[in-house]
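Undergrad: Here is a sequence with its predicted model. Questions after.
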Amino acid sequence: MYNSEITLNVNGENRSVYVRHADTLLYVLREKLGLTGAKPGCLNGDCGACTVDVDGESMKSCLLLAVEAAGKKITTVEGLQNHPIQTEFMKKFAFQCGYCTPGFIMNCYSLINKYPNADDIQIKDCLESNICRCTGYKEIEEAVKTVLPNSSKG
């Protein structure tokens with residue numbers, strides 16, 4: 001078993017951790033760093049429950065090796081510190097069981113930061129990369145629109 005020590009910048013803090021070369025970022029976040037907001041779902045990139053922000057892009061952490069994330073800025077749902085998108089998810093009841101919610105929040109967070117003037121098509125495209133089995137996507141879409149500065153408010 002080959003281990004390497006890497007440094008991950010997670011939520012603004014450099015964290016050194018020993019990893020196997022095959023460890024996914026999801027595994028390291030949850031099992032080595034205790035950050036359990038990113039959820040294991042399908043483990044093949046389909047569901048989006050494990051989504052985190054890496055250098056301004058939403059990434060499915062089950063598909064990214066931890067060694068690939070070294071030197072990049074990683075933001076997890078734990079690092080948002082009451083970001084407006086979290087508040088709007090609650091106000092708009094954009095969740096039910098909550099399992100997929102951190103992934104949706106992180107995907108929406110990346111969208112808001114990358115495209116502050118996102119239109120309806122960009123929002124729908126963004127939401128297609130995550131799956132929710134409990135609720136419709138309407139409330140999530142409304143939460144995103146409420147946070148965007150120039151969007152028609154949902």
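TA: Sure thing, it's come through.
Undergrad: got the contact list for Thr36?
TA: For Thr36, the contacting residues are Leu29, Arg30, by Cβ atoms under 8 Å, 6 or more residues apart in numbering. For the C-beta atoms, the positions are set from N, CA and C on the backbone; glycine is no exception.
Undergrad: mind running it again at 7 Å?
TA: By Cβ atoms under 7 Å, 6 or more residues apart in numbering, Thr36 lies in contact with Arg30.
Undergrad: Please identify the helix or strand for it.
TA: Using DSSP states H and E, no element contains Thr36; it sits outside every helix and strand.
Undergrad: Can you give me the end-to-end span of stretch 12-30?
TA: For stretch 12-30, the first-to-last residue distance is 17 Å (Cα to Cα, to the nearest Å).
Undergrad: Name the surrounding residues that touch the top helix by length along the chain.
TA: Secondary structure of the chain per DSSP state H: the longest helix is helix 101-114. Helix 101-114 has contacts (Cβ under 7 Å, 6+ apart) with 37-39, 48-53, 56-58, 77, 80, 83, 85-86, 89, 95, 118, 126, 129-130, 132, 140, 144, 147-148.
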